[in-house]
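[1] Have a look; sequence and predicted model below, questions after that.
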Amino acid sequence: MLARRDVPGKEGKAFVPRAGLVAQVHDLLEGIQKDLLARARAFRDENIRPAADWSELAAAVEQGFARAYWCGDDGCEARLKEIQASIRCIPFDQPGTGGRCALCGQEAREVAIIGRAY
């Protein structure tokens, strides 16, 4: 019997004959990996909110993560400490157009993901 820990109950269990067991386990592990990755991406996307200014950014960080333009200035990055947040990452996939920094309002070319560090 094979049992998936990520699928509770009878739905996650299957009887598998010994013949072909290795191939079945391999396929099962690939399926688990794809399912867990899809679940993690969905959770991430549901918890990122756009922020155009300081008040929206602070509110978004209270609930999860903020996606906001950032000018790259050290002073803006230091200001995030006021709300106990930091830049968690700068995604490779950038919008290609500029915007206004959510922290200071200056011209910005990068979008950053901002959140609390625990």
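    Looks like it came in fine.

[2] Which SSE is immediately downstream of whatever helix or strand Ala40 lives in?
    Following DSSP states H and E, one finds Ala40 within helix 21-46. Proceeding N to C from helix 21-46, the next assigned helix or strand is strand 48-50, under DSSP H and E.

[3] How far off centre is that next one?
    10 Å (CA atoms, centre = their mean, to the nearest Å).

[4] got the contact list for the one helix or strand Arg88 maps to?
    Using DSSP H and E, Arg88 maps to strand 85-89. Residues from elsewhere that reach strand 85-89 (CB atoms under 8 Å, 6 or more residues apart in numbering): 61, 65-66, 70, 77, 80, 112-117. Bear in mind the C-beta positions are built from the backbone N, C-alpha and C, glycine included.

[5] Show me which residues of that strand are buried.
    By 16 or more other CB atoms under 10 Å, the buried positions in strand 85-89 come out as 85, 87.

[6] The residue nearest the centre of the chain and Asp74, how far apart?
    Nearest to the mean C-alpha position of the chain, by CA atoms, centre = their mean, lies Arg44 at 3.5 Å. The gap separating Arg44 from Asp74 is 27 Å, by CB to CB, to the nearest Å.

[7] so what's Cys101 up against?
    For Cys101, the contact set (CB under 8 Å, 6+ apart) comprises 68-71, 73, 76, 107-108.

[8] before we move on, what about Ala60?
    Shown in contact with Ala60 (CB under 8 Å, 6+ apart): 49-51, 66, 68, 114.

[9] Which among those residues count as buried?
    Buried by 16+ other CB under 10 Å: 49, 51, 66, 68, 114, out of the contacts of Ala60.

[10] okay if I get those as TSV plus distance to Val16 and pLDDT?
    As requested, the buried ones among the contacts of Ala60 are exported to TSV (distance: CB to CB, whole Å; pLDDT from 0 to 100):
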residue	distance to Val16	pLDDT
Arg49	43	96
Ala51	49	96
Ala66	46	97
Ala68	49	96
Ile114	46	97
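
[11] one step back: now, which of the contacts of Cys101 sits nearest Glu11?
    Ala68 (40.1 Å; CB to CB).

[12] Got the phi and psi for the residue lying farthest from the centre of the chain?
    Most distant from the centre of the chain: Ala19, at 40.0 Å, with distances by CA atoms, centre = their mean. Main-chain dihedrals, Ala19, degrees, to the nearest 10: phi -70, psi 120.
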